[in-house]
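Student: Next comes the sequence, and after it the predicted model I'd like to discuss.
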Protein chains: 2
Amino acid sequence: MTVRYQLYCVGGSGNSFKVALFLNCAGLDWEPVGVDLAGGQNRDPGWRAATNAMGEVPVLEVDGRRMSQSGAILTWLAETHGVFGPAGDEEKFETLRWLLFDNHKFTGHFAAHRALYAKTLDPHPAALAYIREKTESALSIVDKHLAPRRFMLGDRPTIVDFSLVGYLYYPTEETGFDLAAAYPAIDAWRGRVAALPGWKPPYEMMPVGKSMPMRF
Amino acid sequence: MTVRYQLYCVGGSGNSFKVALFLNCAGLDWEPVGVDLAGGQNRDPGWRAATNAMGEVPVLEVDGRRMSQSGAILTWLAETHGVFGPAGDEEKFETLRWLLFDNHKFTGHFAAHRALYAKTLDPHPAALAYIREKTESALSIVDKHLAPRRFMLGDRPTIVDFSLVGYLYYPTEETGFDLAAAYPAIDAWRGRVAALPGWKPPYEMMPVGKSMPMRF
């Protein structure tokens, strides 16, 4: 029997996790396909031509079509399956607004910091401090937004939650951020997302060990 | 007579320019409203509460509603006015995919590099080298994509072009990148965008001098 969705991914990629989480929570038929990022598979011109010119994971394959960019995939999945999507034009705008902010400043900086902090041999302290400051600013904005809310758009979970929460279940030793201590609203919210039926940690849904090696 | 659109912006913000360019090329009735980024207006809690909790420009105001995130505004404008938008589901997906890539890696890194390079007193060389390398990688991906194309999605200009081109008309001394020398497809394409009716350089459409000061 053919599995409906193939997700090109790796356990260490929180961007991949965003899509895996949707697929699991929506109860869809999918399987992970490991990509050897550490070995440079995604930098190979053949892989880029066939799978993703942007050189990134995740890539979602369905009926021979390959789609990239977690935010675009989440939007497509929500529309296709009618779950976890925005309700109405105003929420649709808010969804896109937060997906862009997430990619630019929230996940963007948090993941870049983690890559330098945990996966780069001897990172320069100045580069680390530069990206850490940007990450803290984005975390504060989201923590403030979440303080009076259960989920990013209000009372129910949406793809905005799946997107922003992508990197927030990796351990503190790996991310360099103790969220429970410094960002209480984010910490409570990621707990609510983790309580959704279908939630599993990143390394239980996707292949371990093909990401970039840890520094520790 | 009331002007239909107010754009909270500043000439040095390429993200603001993306929206200004759409408004001008679509021949819409709009006016710029300067924001004093250098003086910290956008970090003021009152400004954030009333205008944009994310603390960024541009913000587009219409009928009392204030919208932020250039990619979300561009999508909204294209749908509202029926111009420069994607045609069909596949182009709609590609549009979102490139808007996300732009915010995360293309504009994201190019603008961050420019901010460090030209607007930060005594930037650390390691931080600058870190962000420069990421910028070069994104520029290469877009240059390769544009080589066989007139515009990002093919033969006609769309909001994807307005988004990606946002920071590419600032002078080399300000950005640190000589695009004409190193990225010929990007250079030719930004020329095609500049030939569109309504195009003007950033500082001719938006207030000068309220951005962060230049280092030079």
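Tutor: Everything's here; your move.

Student: so after the lowest-mean-pLDDT helix or strand in chain A, what's the next helix or strand?
Tutor: Lowest by mean pLDDT, DSSP states H and E among the helices and strands of chain A is helix A:45-50, with a mean of 92. Proceeding N to C from helix A:45-50, the next assigned helix or strand is strand A:59-62, under DSSP states H and E.

Student: buried sites along stretch A:104-123?
Tutor: Buried residues in stretch A:104-123, counted by 16 or more other CB atoms under 10 Å in any protein chain shown: A:104-114, A:116-119, A:123. Just so you know, the C-beta spots here come from the backbone N, C-alpha and C atoms, and that holds for glycine as well.

Student: next one: stretch A:20-34
Tutor: Neighbour counts over stretch A:20-34 (16+ other CB under 10 Å) mark A:20-26, A:28, A:30, A:32-34 as buried.

Student: quick one: contacts for the closest residue to A:Arg156 other than its chain neighbours?
Tutor: Counting by CB to CB, 6 or more residues apart in numbering or on different chains, A:Arg156 lies nearest to A:Arg150, which is 7.9 Å off, once chain neighbours are set aside. Residues in contact with A:Arg150 (CB atoms under 8 Å, 6 or more residues apart in numbering or on different chains) are A:156, A:189, A:192.

Student: Out of the buried residues of stretch A:104-123, flag the one nearest to A:Pro207.
Tutor: Nearest to A:Pro207 out of those is A:Lys119 (CB to CB; 16.5 Å).

Student: how far away is that closest one from B:Asp63?
Tutor: Distance of A:Lys119 to B:Asp63, given as CB to CB, to the nearest Å: 47 Å.

Student: for A:Val142, same thing?
Tutor: 28 Å.

Student: who has more neighbours, these two?
Tutor: Counted by other CB atoms under 10 Å in any protein chain shown, A:Val142 and B:Asp63 do not tie: A:Val142 has more neighbours, with 24 against 7.

Student: Just the strands from chain A, written as ranges.
Tutor: Ranges of strands within chain A are A:5-9, A:30-34, A:59-62, A:65-68, based on DSSP state E.

Student: Make a markdown table out of the ones you listed and add mean pLDDT and distance to chain B.
Tutor: Shown next, in a markdown table, are those (pLDDT from 0 to 100; distance: least, CB to the nearest CB, whole Å):
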| stretch | mean pLDDT | distance to chain B |
| --- | --- | --- |
| strand A:5-9 | 96 | 15 |
| strand A:30-34 | 95 | 19 |
| strand A:59-62 | 97 | 11 |
| strand A:65-68 | 96 | 6 |
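
Student: Put together a markdown table for these, with distance to B:Val59 on each row.
Tutor: What follows is those, written out as a markdown table (distance: least, CB to CB, whole Å):
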| stretch | distance to B:Val59 |
| --- | --- |
| strand A:5-9 | 36 |
| strand A:30-34 | 39 |
| strand A:59-62 | 33 |
| strand A:65-68 | 29 |
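
Student: still on that earlier bit, tell me the one of the buried residues of stretch A:104-123 nearest chain B?
Tutor: Of all these, chain B sits closest to A:His104, with 4.1 Å by CB to the nearest CB.

Student: Now that A:Ser16 has come up, it's in contact with A:Cys9, right?
Tutor: Yes. Applying CB atoms under 8 Å, one finds A:Ser16 in contact with A:Cys9, separated by 3.4 Å.

Student: Give me the common contacts of those two.
Tutor: Going by CB under 8 Å, 6+ apart, residues that sit against A:Ser16 and also against A:Cys9 are A:57-58, A:206.

Student: From those, pick the one nearest B:Gly88.
Tutor: Looking across the shared contacts of A:Ser16 and A:Cys9 and measuring by CB to CB, the closest to B:Gly88 is A:Pro58, at 23.7 Å.

Student: burial of the closest residue to the closest one other than its chain neighbours, as a residue count?
Tutor: Distance criterion CB to CB, 6+ apart; nearest residue to A:Pro58, sequence neighbours excluded, is A:Ser16 at 4.0 Å. Residues lying near A:Ser16 (other CB under 10 Å) number 28.
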